[in-house]
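Asker: prediction below, plus the sequence it came from.
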Amino acid sequence: MLKLYFRVVVLAIVAICATDARATDVLQFPHFRHVDKAAIPPQAQLPQNLTLLADEDFAPFSFKGLDGRPVGISVQLGLAACVELKIQCTVKTVAYGALLQALEQKQGDVVLGGPQASDKAAGTIQSTRPYYYSYSQFVVRNGGNFSGVEAKALAGRRLGYVKATAQELFLKKYYDRATLIPFTTEEAMFEALRTGGLDLAFADSLHVAFWIKGNAARGCCAPYGAPFADKGGFTHALVMMTRKEDGPLRQALDLALDRLQEKGVTAKILSTYLPSSPF
């Protein structure tokens, strides 16, 4: 979950984008899905109405907008998939910890970007292929002069990270020749970078993108180097989940998500909620 300060930044930037003509500009994003162009639509009849379950506090993927209605990347992708499949859908927000239980108890039909299924739930829950992956990257003050992001190039540099995170484990494994400086919050780490207490900070790419565009950064900084993927650590997949017995629905959602990516709809949705591409 995002820290309160970060969630406030997300809401503020999304509100600005909603009234900014530039929000129609489509940013460049990786194609997270390997599209099977030979995929055949499921032959079973699909439901005519679905209830989509979304985390109520997971900006920018699913959260309550200024008018109280559920919005976000996952919400808009889910609704767009419903349009693609010609299904009527409504969105119901649920607390993060109750999403899988709500799905199993048939309070809804699809979880949008929810938690990974536990071993206990794995026998009753199935997932689409991912529609988003998280990455992490370095961020540096404007004018910073480095020769690259390789461990050798950053030896001796002051690298900031947040304690007890996957980013900490990554830096200690691959950048142990740097001077690693821990912080208790991202907010404190980013402020130290802005004011010169760090040479670089390392954080979730999405958090970096929002912080750089927010007021707290004061235009100080920029991403440095390409983002890193670490599927054993900080790289997590977002998927849609259905009950195991709803196999045709899961197949249909995968097909719809493929089509949305191919048509550019996914990129448009991401561009609506993100201030810049974090990749």
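Answerer: That came in fine, so what should we check first?
Asker: can you pull out the strands in the stretch 101-250 of the chain?
Answerer: For the stretch 101-250 of the chain, strands defined by DSSP state E, counting those that start in this stretch occupy the ranges 110-112, 125-127, 132-133, 136-141, 158-162, 179-183, 200-204, 221-228, 237-238, 240-243.
Asker: I'd like those written out as CSV, with mean pLDDT added.
Answerer: Shown next, in CSV, are the strands of the stretch 101-250 of the chain (pLDDT from 0 to 100):
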stretch, mean pLDDT
strand 110-112, 96
strand 125-127, 92
strand 132-133, 92
strand 136-141, 97
strand 158-162, 98
strand 179-183, 98
strand 200-204, 98
strand 221-228, 95
strand 237-238, 92
strand 240-243, 95
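Asker: can I get those strands in a markdown table with mean neighbour count?
Answerer: C-beta coordinates here come from the backbone N, C-alpha and C atoms, glycine included. Output for the strands of the stretch 101-250 of the chain, formatted as a markdown table (neighbours: other CB atoms under 10 Å):
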| stretch | mean neighbour count |
| --- | --- |
| strand 110-112 | 27 |
| strand 125-127 | 20 |
| strand 132-133 | 18 |
| strand 136-141 | 24 |
| strand 158-162 | 22 |
| strand 179-183 | 16 |
| strand 200-204 | 26 |
| strand 221-228 | 17 |
| strand 237-238 | 18 |
| strand 240-243 | 23 |
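Asker: same list (these) but as CSV, adding distance to K213.
Answerer: Listed next are those as CSV, based on distance: least, CB to CB, whole Å:
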stretch, distance to K213
strand 110-112, 25
strand 125-127, 31
strand 132-133, 19
strand 136-141, 12
strand 158-162, 19
strand 179-183, 21
strand 200-204, 14
strand 221-228, 11
strand 237-238, 22
strand 240-243, 28
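Asker: with that, I have no additional questions.
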